[in-house]
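S.K.: Kindly generate the corresponding structure for this input.
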Amino acid sequence: MNGARSLARATAHALALLLGVTLVSFLLMVHFGPDRTWGLLGKNPSQAQIDEVRADLGYDQPLPAQYVRFLGELVTLDFGLSDKTGESVRQLMARTLPVTLALVLPGFTLGNVLGVLLGMLAAWRRDSVLDRLILGGSVAGMSLSFLVIIIALQILLCTPWGLDLFPARGWRVDSLGSYLWYVTVPTLSLVAVTLGYNTRFFRAVAVGELGRDHIRTARAYGASTGAILFRHVLRNGAVAMLTRVLFSLPLVVVSGSLLLETYFGIPGIGRATFDAITSGDQPVLKAVVSLTAVMFVLVQLFADASYRWVDPRVGRR
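M.R.: Residues are numbered from 1 along each chain as shown. A predicted model of the protein is given here:
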């Protein structure tokens, strides 16, 4: 009963937050955003043409009606046509988002799994040479620019000056083999740039859990290292770790893909966002910004529900 009430409160909070986030997105992207009227009209338009375009864009409606229209666009994913290409924004999202997910999910998954393993290993061997090596490597990875990492790996793995094993640009995927050929270098780049941050965070969580009384008791009774780390530390630190993983996903999908896809010439949502920024394509920008904000709220709602699954004690608090 308490768990159901907590979930209901979390849902109500998420809905209120969703309305607030969509309102801010609407004000920034629509109400205070650039007036698209003149970009869609030719030279010396008549007043009738101006009125027609403004009516199509909804500029002639009062602010609450424009906000309701914006919510309808979010629900239906119908943001109109791209100003640059004339393609439906919904079709553009459907075409590019799967490419982005296929591009970033391997690196995102590996970065978090390796971060958890290295973080727990460093925490278990705290203040040892191994711990210092892992922390030093983490700091080194955090100090390097994402672009520097991409360029270094590209030279090492994709050019005649290095091993020349993988393509430097492009995304012509029609089989598992071609997918692995194109995704390897972007995946290694994403792992290299995120592993340091993940390792330090997960190490801090593991150090906190290893200092608890039940861990000392388990050690005193002769519990194995694997049992302590995976049955106790990982399980009891799952809420903090899950929060880190879930809330970094929208950032990786949007910001990480933007740089990877732009540099490697991959036709995903990040490349489409970059093109929209450089060309001032308002419908595409409005879709990306608004849906990213909504994604953060949905991730929070999913996280609240997941906490009760990974740690039943949360529902009893």
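S.K.: Show the model's pLDDT score for the closest residue to residue 184 other than its chain neighbours.
M.R.: Among residues not flanking residue 184 along the chain, residue 166 sits closest, at 5.5 Å (Cβ to Cβ, 6 or more residues apart in numbering). C-betas here are computed from N, CA, C, even on glycine. For residue 166, the model assigns a pLDDT of 94.
S.K.: And for residue 8?
M.R.: Confidence at residue 8, expressed as pLDDT, is 68.
S.K.: Pull the number of nearby residues for the residue nearest to residue 184.
M.R.: 20 (other Cβ atoms under 10 Å).
S.K.: Next, it: phi, psi?
M.R.: phi -130, psi 160 (degrees, to the nearest 10).
S.K.: same deal with residue 81?
M.R.: phi -110, psi 150.
S.K.: Contacts only, for the residue nearest to it when sequence neighbours are not counted.
M.R.: Distances taken as Cβ to Cβ, 6+ apart place residue 88 nearest to residue 81, at 5.9 Å, with adjacent residues excluded. By Cβ atoms under 8 Å, 6 or more residues apart in numbering, the contact list for residue 88 reads 80, 81, 82.
S.K.: Just to check, the residue nearest to residue 184 is in contact with residue 158?
M.R.: Yes - between residue 166 and residue 158 there is a contact under Cβ atoms under 8 Å: 5.1 Å.
S.K.: which neighbours do the two share?
M.R.: residue 185.
S.K.: can you list the domains in the protein?
M.R.: 2-76, 91-144+193-280 (automatic domain parsing).
S.K.: ends of the last one, how far apart?
M.R.: Spelled out, it's domain 91-144+193-280. Counting by Cα to Cα, to the nearest Å, you get 19 Å between the two ends of domain 91-144+193-280.
S.K.: roughly how far is that domain from the heart of the chain?
M.R.: 12 Å (Cα atoms, centre = their mean, to the nearest Å).
S.K.: Do a quick rundown of the helices in the stretch 101-250 of the chain.
M.R.: Listed in chain order, the helices of the stretch 101-250 of the chain (DSSP state H, counting those that start in this stretch) span 129-143, 146-158, 176-210, 213-220, 225-226, 234-236, 238-251.
S.K.: Reformat those helices into TSV and put mean neighbour count next to each item.
M.R.: TSV is the format used below for these (neighbours: other Cβ atoms under 10 Å):
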stretch	mean neighbour count
helix 129-143	14
helix 146-158	16
helix 176-210	20
helix 213-220	12
helix 225-226	10
helix 234-236	17
helix 238-251	17
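S.K.: So which of those is nearest residue 53?
M.R.: Residue 53 lies closest, by Cβ to Cβ, to one member of the helices of the stretch 101-250 of the chain: helix 238-251, at 33.4 Å.
S.K.: Run through who's touching the closest one.
M.R.: 108, 112, 116, 194, 198, 201-202, 205, 234, 292, 295-296, 299-300, 302-303, 306-307, 310-311, 314.
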